[in-house]
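1. 3D model of this:
(one chain, ligands or ions: 1)
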Amino acid sequence: MLFYIYKSLNQFNNINIVFSNISNYFDLQILTDYLKTLQAPVTIYVHYSEAAVNSNVLDKLLIENFTVKIICEIDKDLNGILSLLKDKPYQYSFLIKNEEEYAICEQIAENLTAENYAVIPVFDNNLQFFEDNVFLDKDDVLASGLGKREIFAHQAVNTNFFGDLIVLPDGKVYANINGKPIGTIENSVYDLIIQALDDNNSWRFIRNEKPCTDCLLHWLCPSPSNYERVIGKMNLCNMKQE
Ligand code: SF4
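-> Next up, the predicted model:
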């Protein structure tokens, strides 16, 4: 089990745990007792179909002061299930792939406060949707109002990924889930950090390639995200290169 081996969890500022099947996780009480001893805030993620049948388990997690996030795909069952959960102080992440799903999400979100949900576009060969709705334009970048520190940070590290370590159930550790593993849970956190800093594809994945290097907004632009990785295009923007 993760927490038996990875006692160094007390060295992290935030802990996020994604459960594929929380009702089948027999050591949940032992795990939560251990997590409560840590200083870091803990967020538990479950799929909405799990949330409907395990709301008693999730309520206990809320009482323990963990944040519970429900991952929602927009499908025919979602509305009914969310109505069962409507009085619970969960947070929601809505995964959307097109404008229709966004419209449904907006309707559902009418009953939620802005702090309680996030809309997350998912790339699924829907490049046109991304071009129309997700790609940045010049005004978006200029409106970010970055200070000198952030601009310097963009030149040295990827501010989206920096500091993240992702552990999968097989024990492999990643600095970016779309990259190669940088070690396993048997490595020390120090060794994993050294590996992550050595790897140009995660914490140090910056805008140091064309066409971004020829762009005036170069270091003002946010660090590359996983979308660039998955779409296979460095400039997810509507900027025309001269
Ligand atoms: S070309 Fe690159 S740096 Fe310029 S706006 Fe597009 S993504 Fe940002």
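
2. From here on, just use CA atoms for contacts and neighbour counts.
-> Will do.

3. Residues of this protein that sit close to the ligand?
-> Applying Cα under 6 Å from any ligand atom, we find that the chain lies next to the ligand at 211, 212, 215, 217, 218, 221, 235, 236, 237, 239.

4. Just give me the closest of the residues you listed to residue 19.
-> Set against residue 19, the nearest of those by Cα to Cα is residue 236 (31.0 Å).

5. what residues are up against that closest one?
-> By Cα atoms under 8 Å, 6 or more residues apart in numbering, the contact list for residue 236 reads 131, 135, 136, 228.

6. tell me the contacts of the first one?
-> To tie it back to what came earlier, the one meant is residue 131. Applying Cα under 8 Å, 6+ apart, the residues near residue 131 are 236, 237, 238.

7. Could you list which of those residues belong to strands?
-> Residues of these located in strands (DSSP state E): none.

8. Can you list the residue ranges for strands in this protein?
-> All strands of the chain, identified by DSSP E, fall at 15-18, 42-47, 67-73, 91-96, 117-121, 166-167, 172-174, 183-184.

9. May I have the strands that pair with the fifth one, each with its orientation?
-> The reference is to strand 117-121. Within its sheet, strand 117-121 is paired with strand 91-96 (parallel), according to DSSP bridges.

10. List of residues touching the partner strand?
-> Applying Cα under 8 Å, 6+ apart, the external contacts of strand 91-96 come out as 67-74, 102, 105, 116-122.

11. are any of those buried, and which?
-> Buried members of the contacts of strand 91-96, scored by 16 or more other Cα atoms under 10 Å, are 67, 68, 69, 70, 71, 72, 73, 74, 102, 105, 117, 121.
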